[in-house]
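Just need the structure, nothing else, for what follows:
(one chain, ligands or ions: 2)
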Amino acid sequence: LTERLSKAMKNLTGRGRINDEDLQATMREIRLALLEADVNYTTVKKFVNNVRQKAKGADIMSGLNAAQQIVKIVNDELTATMGEEAVPLNKSDKIPTVIMMAGLQGAGKTTTVAKLAYKLKREDHARPLLIAADVYRPAAIDQLEILGRDLEIPVFSMGTDVDPREIVKAGLAKAAQDKNDYVFIDTAGRLQIDQTLMQELKDIEVIAHPDEILLTVDAMTGQNATETAQGFADALDITGVVLTKLDGDTRGGAALSIRDVTGKPIKFVGQGEKPTDLDVFYPDRMASRILGMGDILTLIEKTQREVDEKQQASQLEKMRQNTFDFNDFVAQLQQVQNMGPMEDLLKMIPGMANNPALANLNLDEKQFKHLEAIVQSMTPAEREDPELINPSRRRRLAAGAGRPIVEVNRMIKQFDQMRKMMNQATNGNFGGLEKMMGG
Ligand code: GDP
Ligand code: MG
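Ligands and ions are numbered 1, 2, ... in the order given. Below you'll find the predicted structure:
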């Protein structure tokens with residue numbers, strides 16, 4: 001999350017409704033975040049307009065503040081734009097399924113061919129054949145052959161003196177003979193799209209009738225990725241996209257632009273150079289990556305997720321009966337620590353979301369760790385019956401937790417107050433809790 005964006009979000013915190021000014025400011029930040037993530041300018045413009053329409057006057061879902069709400073709208077819209085669901089590889093009714101690669105030189109075609117064939121072999125016990133049809137770089141054939149040898153996948157090649165079209169024909173004949181169920185055609189690339197290359201690819205398309213033409217795009221090329229994708233999509237009947245080098249330092253905005261410009265689904269992402277570094281593309285994960293706000297989204301999800309009602313009921317019952325003990329206390333602390341910012345967690349407690357007392361709560365996470373350490377130093381009996389904790393036990397706890405004895409004393413006193421307060425449960429006075437947390 002960019003600093004600007006989080007600042008804009010902070011300004012919105014606590015608002016119940018999104019007004020025009022808030023929206024303008026936040027949309028400006030979202031726009032910049034997308035541009036920084038290398039989303040193509042036209043795509044950003046279109047996208048931001050969509051989001052603005054959706055965000056206008058949207059009521060705030062309970063438990064979310066205005067900024068979180070906008071982020072959620074943006075995230076949902078990003079996910080939707082990129083296709084919502086993962087799209088599987090096309091498969092032919094009869095063997096073989098033919099998969100043809102396309103893309104600029106260095107985009108990752110050869111690497112992806114090996115990764116994908118290896119994935120199919122591993123997961124579906126497929127018997128793929130790889131056709132080496134890049135005759136312009138002698139090393140390209142060697143590269144594929146070495147990969148094939150390592151992964152125990154056969155490679156069909158005819159050297160560099162044969163026309164790629166002939167290689168493809170002969171390769172397909174070989175696959176028919178050997179009853180391979182998948183055929184991958186590794187093609188040549190250029191540094192830039194040119195007519196000779198496009199014609200060759202078009203010819204191969206006509207010869208091989210591929211079930212899938214996978215456009216391979218280097219995510220690191222940022223804004224240029226869109227142009228490249230457009231060029232290939234104009235000439236070929238692209239059926240899917242592989243976005244490579246996402247393990248690099250990129251937010252992956254290219255995913256959004258490419259999808260927007262070509263309308264073709266991104267099917268896989270390359271996340272490294274090893275044969276296993278290929279993953280199915282999930283639009284929702286990419287959305288968080290583009291926004292650079294995975295943590296916030298996780299938190300929003302948690303806030304939305306229904307809290308286990310039964311467990312809550314039992315804790316409330318315990319509070320009422322004044323049997324809320326240190327075990328419950330530490331269980332709560334643990335829950336809290338797993339869930340992120342304290343304020344957001346407290347909002348999940350029934351009746352707390354709109355509690356004005358919450359607005360003034362300022363909880364110190366470090367303080368939490370100390371409290372937890374003290375409770376962890378207690379014996380099971382002490383946790384169940386805090387009355388047991390006499391002065392000598394307090395000294396032991398202080399030593400065990402590495403905290404001063406005054407802190408132990410204060411905690412036990414505050415815990416006592418907390419229990420009393422919880423006993424009065426639903427009257428909305430949480431001052432004791434705040435004190436307890438060092439506020
Ligand atoms: P081609 O010219 O399109 O066939 O590209 P290559 O498959 O030869 O890949 C070019 C370079 O990019 C090689 O050094 C690959 O190891 C590297 N590469 C390909 N995919 C990835 C990826 O997902 N992550 C990283 N880090 N490197 C990749
Ligand atoms: Mg290659």
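
make it CA atoms for all contacts and neighbour counts henceforth
OK.

Tell me the residues of the stretch 51-200 of the chain that contact ligand 1?
Residues of the stretch 51-200 of the chain lying near ligand 1 by Cα under 6 Å from any ligand atom: 104-111.

Now intersect those residues with the strands, please.
When DSSP state E defines the strands, the subset of those inside them is empty.

Among those residues, which one lies nearest to Tyr136?
For these, the residue nearest Tyr136 by Cα to Cα is Gln105; the value is 10.7 Å.

tell me the SS of the nearest residue to that closest one once chain neighbours are set aside?
Distance criterion Cα to Cα, 6 or more residues apart in numbering; nearest residue to Gln105, sequence neighbours excluded, is Gly189 at 4.2 Å. Secondary structure assignment for Gly189 (DSSP: H, G, I helix; E, B strand; the rest coil): coil.

show me the contacts for Gly189.
Going by Cα atoms under 8 Å, 6 or more residues apart in numbering, Gly189 touches 102-106, 134, 197.

go on, Thr226?
Residues in contact with Thr226 (Cα under 8 Å, 6+ apart) are 40, 254, 257-258, 261.

same thing but at 10 Å, please
38-40, 43, 217, 219, 253-262 (Cα atoms under 10 Å, 6 or more residues apart in numbering).

Which pLDDT does the model give it?
Thr226 carries a pLDDT value of 88.

Equivalent analysis for His125, please.
93.

Check Lys7 too.
pLDDT, Lys7: 58.

that's a helix at Val98, yeah?
No: counting by three-state DSSP, Val98 is located in no helix; its state is strand.

Against Thr112, how distant is it?
Per Cα to Cα, to the nearest Å, Val98 is found 15 Å from Thr112.

thinking again about what came up before, sort out for me which of the residues of the stretch 51-200 of the chain next to ligand 1 are in helices.
109-111 (DSSP state H).

domains of the protein?
3-85+294-302, 97-281, 308-436 (automatic domain parsing).

and the ones you listed, which one's lowest on average pLDDT?
domain 308-436 (a mean of 67).

related to what we said a few turns ago, quick one: which of Val98 and Thr112 has more around it?
Using other Cα atoms under 10 Å, the more surrounded residue of Val98 and Thr112 is Thr112, with 27 against 22.

quick one: contacts for the more buried one?
Counting by Cα under 10 Å, 6+ apart, Thr112 touches 101, 118, 186, 214, 216, 242-244, 268-270, 273-278.

and the most centrally placed residue in the chain, what helix or strand is that in?
Closest to where the C-alpha atoms of the chain average out (Cα atoms, centre = their mean) is Arg285, at 2.8 Å. Using DSSP states H and E, Arg285 sits in helix 283-291.
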